[in-house]
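**Student:** Generate a structure from the sequence data that follows.
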Amino acid sequence: MNDLIHIKDLLVRGIVGINPEEREKRQDILINITLTADTSVAGRSDAIDDAVNYRTITKRVIRMVEASSFGLVERLAAEIAALCLAEPRVAAARVRVEKPGALRFARSVGVEIERTREDLRALPNRVFVSLGSNIDPETNLPAAVAELAADRSVTVVAISPVYETAPVGTVDQANFLNAAIQIETPLTAEQLKSQVLLPAEHRLGRVRMEDRNAPRTLDLDIALFNYDVLDTGSRRVPEPDIIRYPHVALPLADLAPYYVHPETGQTLAEIARSFAWSTGVVRQDDLVIGCGEETRCSDV
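**Tutor:** Numbers count the residues shown, from 1 in each chain. Okay, the predicted model is just below:
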């Protein structure tokens, strides 16, 4: 059934463009969205729980656009479509993004795209992985990124700055260094954890103790997996610590401030700002971790 839900002429201010003047301040962005969904159940029940909650989708789109800083309108449109398709009842999303007054003598310029759930399945999974170490971390964090970049099932897209963090729980130990990386992979979350992350931890000397807060050479945890909400063994995705601790939230927000948390509806930038009062977390700009010459990185 091809029922349509229209969100018309949503006017939001954000940053999109490649010219210096377009990067300096927010500009008007006009958005039109058409969602394809089966509304027959909601039509019979008259219950909001059976309907596509277009109010929630609209709020999340607004938050994402306000936090975004993309170079291309095409990228912004694709991100909006993916966010719409995070709603399970939406089968397809048509998105038109326009920049009023961006082209001389034209009322606006923009693009229109359509994406289906099948289109997203054909793309590699977008995953954000949190890294942490307090045993020789200056060696183990770069080694971890190199391990992942060397795996043929993974492409490292971006690497966050490093943060030094006071330990949580068991405080009588060295400070941690924390970071995050964005990767693309065809693997499922379970496959990524069992086939890539756990073996990488093992190769770099991780020994698991009864005390979850004990010192460790390396932690590699899936923080976000597309816009999915799922469980991988004993771990929850999205990682619950994103909204609990700044050492998890801040590196993720550095990578994708516009990314909307699929459970809270907040952008990572908003979550990071909620920790502005925090102490004990210091960004270490003098420590930069990369992929190394022998491994594959994209746009790092």
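
**Student:** tell me which residues of the biggest strand by length in the chain are tucked away?
**Tutor:** As assigned by DSSP state E, the longest strand anywhere in the chain is strand 3-16. By 16 or more other Cβ atoms under 10 Å, the buried positions in strand 3-16 come out as I5, I7, L10, V12, G14, I15, V16. The C-beta positions use only the backbone N, C-alpha and C, and glycine is treated the same way.

**Student:** tell me the two of those that are most distant?
**Tutor:** Largest separation among those by Cβ to Cβ: I5 and I15, giving 27.7 Å.

**Student:** now the helices for the stretch 151-300 of the chain?
**Tutor:** 189-192, 198-203, 246-255, 268-273 (DSSP state H, counting those that start in this stretch).

**Student:** which one of those is the most hemmed in?
**Tutor:** Most buried of those, by mean neighbour count (mean count of other Cβ atoms under 10 Å): helix 246-255, with a mean of 24.

**Student:** Tell me which other helices or strands that one touches.
**Tutor:** strand 125-133, strand 163-165, strand 176-185, strand 219-225, helix 268-273, strand 281-283 (3 or more Cβ pairs under 8 Å, 6 or more residues apart in numbering; DSSP states H and E).

**Student:** in its sheet, what does the first one sit against?
**Tutor:** Put plainly, it is strand 125-133. Paired with strand 125-133 in the same sheet, following DSSP bridges, are strand 176-185 (antiparallel), strand 219-225 (antiparallel).

**Student:** and what of the second one?
**Tutor:** The partner list of strand 163-165 in its sheet, established with DSSP bridges, is strand 176-185 (antiparallel), strand 281-283 (antiparallel).

**Student:** Show me the contact partners of the longest strand of the chain.
**Tutor:** The contact list for strand 3-16, computed with Cβ atoms under 8 Å, 6 or more residues apart in numbering, reads 22-23, 25-40, 52, 54, 57-58, 61-62, 65-73, 76, 99.

**Student:** Mind splitting the protein into its structural domains?
**Tutor:** The chain breaks down by automatic domain parsing into domains covering 3-122, 125-283.

**Student:** deepest of these, which one?
**Tutor:** It is domain 125-283: most buried of the domains of the chain by mean count of other Cβ under 10 Å, with a mean of 18.

**Student:** Would you check how far apart the residue nearest the centre of the chain and A180 are?
**Tutor:** By Cα atoms, centre = their mean, the chain has its centre lying nearest to Y259, at 4.7 Å. Using Cβ to Cβ, to the nearest Å, Y259 is found at 11 Å from A180.

**Student:** partners of the longest strand of the chain in the sheet?
**Tutor:** In the sheet, strand 3-16 lines up against strand 27-37 (antiparallel), strand 69-70 (parallel) (DSSP bridges).

**Student:** can you redo those as TSV with mean pLDDT and distance to E164?
**Tutor:** Listed next are the strands paired with strand 3-16 as TSV, based on pLDDT from 0 to 100; distance: least, Cβ to Cβ, whole Å:
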stretch	mean pLDDT	distance to E164
strand 27-37	97	37
strand 69-70	92	26
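
**Student:** Reformat those as JSON lines; add distance to E147.
**Tutor:** Listed next are the strands paired with strand 3-16 as JSON lines, based on distance: least, Cβ to Cβ, whole Å:
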{"stretch": "strand 27-37", "distance to E147": "40"}
{"stretch": "strand 69-70", "distance to E147": "30"}
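
**Student:** got any residues that touch both of Y259 and A180?
**Tutor:** F128, L252.

**Student:** Export the strands paired with strand 163-165 as JSON lines, with columns for mean pLDDT.
**Tutor:** Output for the strands paired with strand 163-165, formatted as JSON lines (pLDDT from 0 to 100):
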{"stretch": "strand 176-185", "mean pLDDT": "96"}
{"stretch": "strand 281-283", "mean pLDDT": "90"}
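
**Student:** Would you tell me which of those gets closest to G233?
**Tutor:** For G233, the closest of the strands paired with strand 163-165 is strand 176-185, at 17.5 Å, according to Cβ to Cβ.
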